[in-house]
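Engineer: model this:
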Amino acid sequence: MGNRCYLTTETTQIFESNNSLPTFWLMGLSSEHLVLLSQQLETYELAETLSQKEFERRLAEKQFGVIDVSFEDFLQNLDFHSEYLSAVYPDLLPLYHDFQELIAEESSYSDNLELIYLDYLLFLEDTADLLAAFIELFEAMNSFEETSWINEEDILGSTIGYDDFSNHHGHYLSVKYQPDNRSADEEPPLSTKASLFYQLIKSGFFFTLSFILAIGSIWMILDSMTRIAGVAGGLLFGMGTVIFGGNLRHDLKSLRERKGIEKIND
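Structural biologist: Next up is the predicted model:
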C-alpha cells in the first residue's frame with residue numbers, strides 16, 4: 001500500500017497521498033512550521049531511545065507525525081505562496097485555485113486541519129532528510145525557482161494528492177483533473193443510481209476493512225514485539241474507520257437524494 005500521508009480534520013479526510021508529501025499541502029505552511037517539524041523530529045528521535053510505553057505515550061499525544069494548523073493560517077499561507085506558483089508554474093494555477101477553494105469550503109466545518117506524515121516518518125532511514133527536503137522547498141519558493149517536489153510525470157500526486165476516497169464537501173479534484181477527462185469548465189453530470197450504488201459498496205468495503213485492521217492493531221499492541229506498529233496502526237486505521245464511516249453516510253444520503261430526483265422527474 002505504500003506510506004500514506006493525510007490532510008484531514010477530526011471527521012473529514014480531505015486528501016491522501018502515497019509515498020510522498022504533496023507540494024500544495026506544504027504551501028499551506030509557513031517557516032514557523034519548519035521550526036515545529038524540527039522540534040517534532042527531535043522528539044521522535046528521543047522517543048526511539050526511550051521505553052516502548054513512553055514512545056507510545058508521545059505517539060498518542062501526537063508529539064510527532066502530525067502538523068496541526070488552523071484553516072485561517074493555512075489559507076493565508078496558500079494565498080501568500082500563490083505568487084510563487086503564478087511566476088514559476090503558471091500552468092498549475094487552475095489546479096491550485098481549485099485546491100484553495102476546496103480548503104476554504106472545508107474551513108466552514110472545522111477550525112483546524114492536520115497534516116499527518118506519521119506513516120512517512122516511520123519508514124525514513126534518516127529524519128534529517130525530511131527536514132532538509134522541507135527547507136529545500138521553502139528556499140525554492142523564496143527564490144522563485146523550480147523545485148523537485150513537483151513531478152511533471154505525476155502532477156496530481158505531487159501537488160494535491162488524491163481525494164478518490166475522501167469525504168470532503170467540495171468537488172472531487174481527482175476526477176476533474178484526470179487525463180483525458182472533461183474540461184475544467186464543464187459541469188459534472190448527475191451521478192447515476194448505478195454509480196452511486198457502486199460508490200456505496202466501495203465505501204462500505206473500506207469502512208469494514210479499516211474496522212477489521214483497527215481491531216487487528218489492538219491485538220498487535222498486546223504483543224511487546226509489535227506494540228509500536230500496533231499503536232501506529234490503531235491510530236491510522238481508527239481514523240480510517242471514522243473517515244470511511246463518514247463516506248458511507250454521505251453515499252447513503254446521495255443515493256436517497258438521487259431517488260428523490262427520479263421521483264420528481266417521474
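Engineer: need the pLDDT of residue 151.
Structural biologist: Per-residue pLDDT puts residue 151 at 92.
Engineer: got a list of what it touches?
Structural biologist: 157-158 (CB atoms under 8 Å, 6 or more residues apart in numbering). In short, each C-beta sits where N, CA and C put it, glycine included.
Engineer: look at it and give its secondary structure.
Structural biologist: Using DSSP: H, G, I helix; E, B strand; the rest coil, the three-state assignment for residue 151 comes out as coil.
Engineer: ramachandran coordinates for it?
Structural biologist: Backbone geometry at residue 151, expressed as degrees, to the nearest 10, gives phi -100, psi 110.
Engineer: what about it, distance to residue 92?
Structural biologist: 12 Å (CB to CB, to the nearest Å).
Engineer: repeat that for residue 56.
Structural biologist: Distance of residue 56 to residue 92, given as CB to CB: 40 Å.
Engineer: tell me who's in contact with residue 144.
Structural biologist: 84, 87-88 are the contacts of residue 144 under CB under 8 Å, 6+ apart.
Engineer: just the closest of the residues you listed to residue 222, please.
Structural biologist: residue 84 (48.8 Å; CB to CB).
Engineer: doesn't residue 141 make contact with the closest one?
Structural biologist: Yes. Contact criterion CB atoms under 8 Å: residue 84 and residue 141 qualify, at 4.6 Å.
Engineer: what do the two both touch?
Structural biologist: residue 27.
Engineer: those two - which one has more neighbours?
Structural biologist: In terms of neighbours (other CB atoms under 10 Å), residue 141 is the more surrounded of residue 84 and residue 141; the figures are 20 against 17.
Engineer: where does that one land in three-state SS?
Structural biologist: helix.
Engineer: so it sits against residue 24, correct?
Structural biologist: No. Between residue 141 and residue 24 there is no contact under CB under 8 Å: 11.8 Å.
Engineer: check contacts around residue 73.
Structural biologist: Neighbouring residues of residue 73 by CB under 8 Å, 6+ apart: residue 30.
Engineer: helix or strand: which one has it?
Structural biologist: Taking DSSP states H and E as the definition, one finds residue 73 inside helix 71-88.
Engineer: in that helix, what's buried?
Structural biologist: Buried residues in helix 71-88, defined by neighbour count with 16 or more other CB atoms under 10 Å: 71, 73-75, 77-78, 81, 84-85, 88.
Engineer: output it as PDB, restricted to C-alpha atoms.
Structural biologist: This file holds the C-alpha atoms of helix 71-88, laid out as PDB (Å, rounded to 0.1, in the frame of the first residue of the first chain):
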ATOM      1  CA  PHE A  71      -7.600  26.800   8.500                       C
ATOM      2  CA  GLU A  72      -7.100  30.600   8.700                       C
ATOM      3  CA  ASP A  73      -3.300  30.300   8.700                       C
ATOM      4  CA  PHE A  74      -3.300  27.500   6.100                       C
ATOM      5  CA  LEU A  75      -5.400  29.700   3.700                       C
ATOM      6  CA  GLN A  76      -3.300  32.800   4.300                       C
ATOM      7  CA  ASN A  77      -0.100  30.800   3.500                       C
ATOM      8  CA  LEU A  78      -1.700  29.400   0.300                       C
ATOM      9  CA  ASP A  79      -2.600  32.900  -0.700                       C
ATOM     10  CA  PHE A  80       0.900  34.100   0.000                       C
ATOM     11  CA  HIS A  81       2.600  31.300  -2.000                       C
ATOM     12  CA  SER A  82       0.300  31.800  -5.000                       C
ATOM     13  CA  GLU A  83       2.600  34.400  -6.300                       C
ATOM     14  CA  TYR A  84       5.400  31.800  -6.500                       C
ATOM     15  CA  LEU A  85       3.200  29.400  -8.400                       C
ATOM     16  CA  SER A  86       2.000  32.100 -10.700                       C
ATOM     17  CA  ALA A  87       5.600  33.000 -11.600                       C
ATOM     18  CA  VAL A  88       7.200  29.500 -11.800                       C
END
